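Engineer: Just to be clear, the model below is a prediction. Sequence and coordinates:
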Amino acid sequence: MWRRTSRLLAALVVLLAAAAAAAGPATAAGRSAGPLLREGAGSRSPEIAFDAATGMVTIRVSLHDLDGFALPYLRRDNFAVYENGVRLRDVDVEVEHAPIALAVLIEMGGRSQQLNKVLASEAPYLARPILDVLGPNDRLAVFTYDDQLHTIVDFDAPHDRWEATVRNLPQPRFSEANFYDAASAVLERLEGVSGRRALLVISTGIDTFSRATFEEVRQEAEAAKIPVYVLGIGDIARQAVLDGRGPAARIDWRTCTRQLETLARASGGRAYMDAVTVAAPAIYDDIMEDLRVRYVITYASSLPTATPAPRTVEVRLVDPRTNAPLRITDASGRPVAGRALAQATYTPTVAPARRRDEHASSAAFPREGRLRPSALGAPQSASGRPGVAAATP
């Protein structure tokens, strides 16, 4: 009850601050002073693309404070964009809410019957609220693991199957708990899925007999650029086995917690290590905001396109009245530490000249879709997508 009242008060403060922000103050309202995260979120690099045909630069970026919270209630005039140190004046800023492909991996088995009872009672209730934040264009796959990975519902399943699937998860059984192998397999499955992808893990982090090592899984998640969001249920499980006997008494809980946090941070995701059922809706709201929302910034470069040298683009938040850094506070009024919001580089290329006969033909018979993504002139990213340059947060 106390937590609910605190959240309502914090929400009221945020709404009041938002109304004040609309009137012009330089303070952007933040989140509650009590974060959901035990540690800060992992960093995620912005995407930058240069269209050689139009000379337009596009940056997609998610903006967070140092606690990992998204920065709400920003306005277009809060964004200042610099290219090679020169501020650009003609910049367009929009907000993009993209559909997602979400894989959910749930621990459902292990060597301890005490822990299995906890998994059977807690995991379905932690997973169920995720359905409330998914939309008609989103895709969902649900997996459970014990000594093997089990596909409960795949990405091609119709939405009307989701509810019954999550409510009727198979009961955990006495087995090994091969978390590393399961996480690696689901990440590999996600690499073949298009769109904005993420992995949600509901787990204690216990691993008893995987072939893969934790370091291999960490490297795979980091290389795949797929954010991993962790709901850690180790605290709940640990409280259920306080008698100090049985297999669960010999578990290294600190290592389990540290590895889950490391996996989330390395992948650009988040770790919620004290997950309880009543907090699940707020956690999923936080995840969706982090995963879906991107600020899309476009502008025409003022530098000659024929110059193929790399260009550095930096995005900052400013008070439009003074051009000073935007003052950001949390719901308690305390200032939030700032940092360079986004910095990326791209190298422009010149679009290949068309032959005269091709130009005449296309003028007489215009075709849709002539400008393909391959026309983008930026270097390829580690994921192999054309037009996305390497970037640093």
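Structural biologist: Looks like it arrived, so ask away.

Engineer: so where do the helices sit in the protein?
Structural biologist: 2-22, 113-127, 162-167, 179-191, 214-224, 234-240, 253-267, 280-292, 356-364 (DSSP state H).

Engineer: Export these to CSV and append columns for distance to N78, mean neighbour count and mean pLDDT.
Structural biologist: For every residue, glycine as well, the C-beta is placed using N, CA and C. As requested, the helices of the chain are arranged in CSV below (distance: least, CB to CB, whole Å; neighbours: other CB atoms under 10 Å; pLDDT from 0 to 100):
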stretch, distance to N78, mean neighbour count, mean pLDDT
helix 2-22, 9, 13, 41
helix 113-127, 36, 19, 90
helix 162-167, 38, 14, 92
helix 179-191, 34, 21, 97
helix 214-224, 31, 18, 96
helix 234-240, 38, 18, 84
helix 253-267, 27, 20, 95
helix 280-292, 17, 19, 92
helix 356-364, 41, 10, 42
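
Engineer: Of those, which is nearest T204?
Structural biologist: With CB to CB as the measure, helix 234-240 is the member of those nearest T204 (4.6 Å).

Engineer: Identify the residues contacting that closest one?
Structural biologist: The contact list for helix 234-240, computed with CB atoms under 8 Å, 6 or more residues apart in numbering, reads 114-115, 117-119, 122, 204-205, 248, 253, 256-257, 260, 273-276.

Engineer: In the stretch 251-393 of the chain, where is pLDDT below threshold?
Structural biologist: In the prediction, the stretch 251-393 of the chain carries residues with pLDDT under 70 at positions 305-306, 330-331, 336-341, 350-393.

Engineer: quick one: the strands in it?
Structural biologist: 270-272, 293-300, 311-317, 327-329, 342-346, 391-392 (DSSP state E, counting those that start in this stretch).

Engineer: From T208, how far off is E176?
Structural biologist: Distance, E176 to T208, using CB to CB, to the nearest Å: 5 Å.

Engineer: Give me the common contacts of the two.
Structural biologist: 110-111.

Engineer: neighbour-wise, which of those two wins?
Structural biologist: More neighbours surround E176 than the other of E176 and T208, with 18 against 15 (other CB atoms under 10 Å).

Engineer: List the contacts of the more buried one.
Structural biologist: 109-111, 146-147, 208-209.

Engineer: Report the separation between P335 and N78.
Structural biologist: From P335 to N78 the distance is 16 Å (CB to CB).

Engineer: of these two, who's got more company?
Structural biologist: Comparing P335 with N78 by other CB under 10 Å, the one with more neighbours is N78, at 19 against 11.

Engineer: Which residue, other than its chain neighbours, is closest to the most centrally placed residue in the chain?
Structural biologist: Geometric centre of the chain, nearest residue: L291, 3.8 Å, by CA atoms, centre = their mean. Excluding the flanking residues, the one nearest L291 by CB to CB, 6 or more residues apart in numbering is A198, at 5.4 Å.

Engineer: The one you found: neighbour count?
Structural biologist: Neighbours of A198 using other CB under 10 Å come to 22.

Engineer: And T329, by the same measure?
Structural biologist: Neighbours of T329 (other CB under 10 Å): 16.

Engineer: So it sits against P335, correct?
Structural biologist: Yes - the criterion here is CB atoms under 8 Å, and T329 meets it with P335 at 5.6 Å.

Engineer: returning to that earlier point: spit out the contact partners of the residue nearest to L291.
Structural biologist: 100-103, 226-229, 269, 287, 291.

Engineer: Filter those down to just the ones in strands.
Structural biologist: The strands, defined by DSSP state E, take in 100-103, 228-229 from the contacts of A198.

Engineer: could the contacts of A198 be laid out in a markdown table, adding distance to S302?
Structural biologist: Output for those, formatted as a markdown table (distance: CB to CB, whole Å):
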| residue | distance to S302 |
| --- | --- |
| I100 | 35 |
| A101 | 38 |
| L102 | 40 |
| A103 | 43 |
| I226 | 36 |
| P227 | 34 |
| V228 | 39 |
| Y229 | 39 |
| G269 | 36 |
| I287 | 38 |
| L291 | 33 |
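
Engineer: for the strands of the stretch 251-393 of the chain, which one sits closest to V93?
Structural biologist: strand 293-300 (5.3 Å).

Engineer: Return the list of helices and strands in contact with that closest one.
Structural biologist: strand 56-61, strand 79-83, strand 91-97 (3 or more CB pairs under 8 Å, 6 or more residues apart in numbering; DSSP states H and E).

Engineer: What strands line up against it, and which way round?
Structural biologist: Here strand 293-300 has these sheet partners by DSSP bridges: strand 56-61 (antiparallel), strand 91-97 (antiparallel).
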